[in-house]
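*Asks:* Quick one: sequence plus predicted model below, questions after.
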Amino acid sequence: MVILLTFLSIWLTLNFSTDRVREMIIQSGSSGKWIYILLWVFLPMGFFPVAFLAFVGGMGFGLWMGSFLTFIGAALNLTFMFLISRYLFRQPVQTFLFKRYPKSKGILTTDNQHLKLVLALARIMPIIPYNVENYAFGLTDISLWDYLWISLLCILPGTFIFVNVGDKALEPTDTPFMLSIALMALLVIGTAFLAKFIKKKNPEVADKLEVDEGD
């Protein structure tokens, strides 16, 4: 799995730059929206940086339409990646991890309430790669329904903020662009303080987040 995803990531990175993705969308005319959603479905599978996709969505479609299309694409993608992990890789990966790293069993099979809390925090805090979260939670015991509604709710703030940066990036010297950068910085800084607060109040949850980030 690791080898396959590594090759896929390298191929996608070499063949789909941010400029190329933007050109594909602009040159596609009325089909651009569908192509953008399809790119969202497949590119993150190879660990393509999703923030760039969100920026491109803002540049190509504006804040509101870009946010809507990004949300739809991300919803399809995070479902797809979860199902791939759950039904293709969960059993062999769990077998390997439980044998090699016995402590991982307590993380992947922890109670549902803890898993839901960890997922919500992971989605809100951009310090953990979105792509890693999709695969990682497919290996756990969390239900598909809980995974979906928590993920879709918690990605909304970041979706608007990152798409907004792309929308305003066409005029980088204007005040709205500066404000969009400030909002993105506030998101990162705010979630960093949130992580420290959680670590102090609930070390067990913080440990699980750190493990996910390290994976």
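*Replies:* Received the coordinates, thanks. Residues are numbered from 1 along each chain as shown.
*Asks:* now for the longest helix along the chain, which elements pack on it?
*Replies:* Of all the segments of type helix in the chain, defined by DSSP state H, the longest one is helix 50-84. Counting contacts by 3 or more C-beta pairs under 8 Å, 6 or more residues apart in numbering; DSSP states H and E, helix 50-84 packs against helix 18-27, helix 32-42, helix 130-138, helix 144-154, helix 156-168. For glycine as for every other residue, the C-beta is placed from the backbone atoms N, C-alpha and C.
*Asks:* angle of the shortest one against helix 50-84?
*Replies:* The reference is to helix 130-138. Per axes from the mean of the first three to the mean of the last three C-alpha atoms, to 10 degrees, the angle that helix 130-138 makes with helix 50-84 is 20 degrees.
*Asks:* Now do helix 130-138 and helix 144-154, the angle between them.
*Replies:* Going by the same axes, to 10 degrees, helix 130-138 makes 150 degrees with helix 144-154.
*Asks:* From the rest of the structure, what touches helix 130-138?
*Replies:* 44-45, 47-48, 50, 74, 77-78, 81-86, 89-90, 115, 119, 122-123, 147, 155, 212-213, 215 (C-beta atoms under 8 Å, 6 or more residues apart in numbering).
*Asks:* again, only using 6 Å
*Replies:* The contact list for helix 130-138 (C-beta atoms under 6 Å, 6 or more residues apart in numbering) reads 44, 47, 50, 78, 81-82, 85-86, 119, 122, 147, 212, 215.
*Asks:* Can I get the helices and strands packed on helix 50-84 in CSV including distance to residue 67 and mean pLDDT?
*Replies:* As requested, these are exported to CSV (distance: least, C-beta to C-beta, whole Å; pLDDT from 0 to 100):
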stretch, distance to residue 67, mean pLDDT
helix 18-27, 15, 75
helix 32-42, 12, 90
helix 130-138, 16, 88
helix 144-154, 13, 94
helix 156-168, 5, 85
